[in-house]
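>>> Predicted model follows, preceded by the sequence.
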Amino acid sequence: MSEVAKKTGKASRSVRQAAAGPLVRVTLVRSLIGTPLDQRQTARGLGLRKLNSSAVLADTPAVRGMIRKIVHALKVEAVEER
């Protein structure tokens, strides 16, 4: 863990992912303009900000539920572990 992470108590995203098992890459491929606020907040929670932005996340039930909520706007791929 880095010095900043030790002081703040927050691990970086890569540290959180390294501890997880299987990974999934989600990419925002459709605009969320005109969608309900909770769907836009879900995209932000997944770490997606702009079109074609992507994030590699741990494949957990919580993340799967978030993906299911906005699956119409995402492309989802399994990621090989390193």
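That came through fine.

>>> For the residue most central in space within the chain, which residues are in contact?
Centroid-nearest residue in the chain, with C-alpha atoms, centre = their mean: residue 46, separated by 3.2 Å. Under the criterion of C-beta atoms under 8 Å, 6 or more residues apart in numbering, the contact list for residue 46 reads 26, 55, 57, 63, 66-67. C-beta coordinates here come from the backbone N, C-alpha and C atoms, glycine included.

>>> give me that answer again for 7 Å
With contacts defined as C-beta atoms under 7 Å, 6 or more residues apart in numbering, the neighbours of residue 46 are 26, 55, 57, 66.

>>> buried residues in stretch 44-60?
Going by neighbour count (16 or more other C-beta atoms under 10 Å), the buried part of stretch 44-60 is 46, 48, 54-55, 57.

>>> How about stretch 26-38?
Neighbour counts using 16+ other C-beta under 10 Å place 26, 28, 32 of stretch 26-38 among the buried residues.

>>> other SSEs contacting the helix or strand harbouring the first one?
Element membership of residue 26 [criterion: DSSP states H and E] is strand 23-28. Secondary-structure packing of strand 23-28 (3 or more C-beta pairs under 7 Å, 6 or more residues apart in numbering; DSSP states H and E): strand 54-58, strand 74-79.
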